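Asks: Fold the following, please.
(one chain, ligands or ions: 1)
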Amino acid sequence: MPTNATDIAAYQYLDQTVCPQCTKDVLTPFELVGDPDRSTEDVLNDMAQRWRIDRHADDFSSEDFPKPIYAPDLIPGESCFVCGTKL
Ligand SMILES: [Zn+2]
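Replies: Model (predicted):
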């Protein structure tokens, strides 16, 4: 699968690198658990709206909300802080 600059490889959350699947697991609110068809970005956009975070403004820190790490920005050899999967 080709990679390009818009591919999200992982997320920075609470100053840690977290894979998309774990980011989704952590952020998905209780009432939405059991809807595996939702993508990580879908869940994040939903939660950003609830928490009144403008994801495009970039005026929040990774302490507040996960920030996407695009494939070219990923540090080689990095692994997910939660599950340990190599990214
Ligand atoms: Zn993970």
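Asks: measure the spatially closest residue to residue 51 that is not a sequence neighbour to residue 22 for me?
Replies: Distance criterion CB to CB, 6 or more residues apart in numbering; nearest residue to residue 51, sequence neighbours excluded, is residue 65 at 7.0 Å. For every residue, glycine as well, the C-beta is placed using N, CA and C. With the distance defined as CB to CB, to the nearest Å, residue 65 ends up 15 Å from residue 22.
Asks: any idea how far the longest helix along the chain is from the chain center?
Replies: Taking DSSP state H as the criterion, the chain has its longest helix at helix 40-50. Its chain's C-alpha centre and that of helix 40-50 lie 10 Å apart, by CA atoms, centre = their mean, to the nearest Å.
Asks: Please say whether there is contact between it and the ion.
Replies: No: on the criterion CB under 5 Å from the ion, helix 40-50 is out of touch with the ion, staying 10.9 Å away.
Asks: just for this protein, where's the confidence low?
Replies: Judged by pLDDT under 70, the chain has its weakly predicted residues at 1-5, 32, 34.
Asks: Which helix or strand contains the spatially most central residue of it?
Replies: Most central in the chain under CA atoms, centre = their mean is residue 11, positioned 3.9 Å from the mean C-alpha point. Residue 11 is located in strand 8-13, with elements delineated by DSSP states H and E.
Asks: Which elements pack onto that strand?
Replies: Under the contact criterion of 3 or more CB pairs under 8 Å, 6 or more residues apart in numbering; DSSP states H and E, the helices and strands touching strand 8-13 comprise strand 16-18, helix 20-27, helix 40-50, strand 67-70.
Asks: Now distance to residue 57 and mean neighbour count too, for those, in CSV please.
Replies: Listed next are the helices and strands packed on strand 8-13 as CSV, based on distance: least, CB to CB, whole Å; neighbours: other CB atoms under 10 Å:
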stretch, distance to residue 57, mean neighbour count
strand 16-18, 21, 20
helix 20-27, 18, 19
helix 40-50, 10, 16
strand 67-70, 12, 17
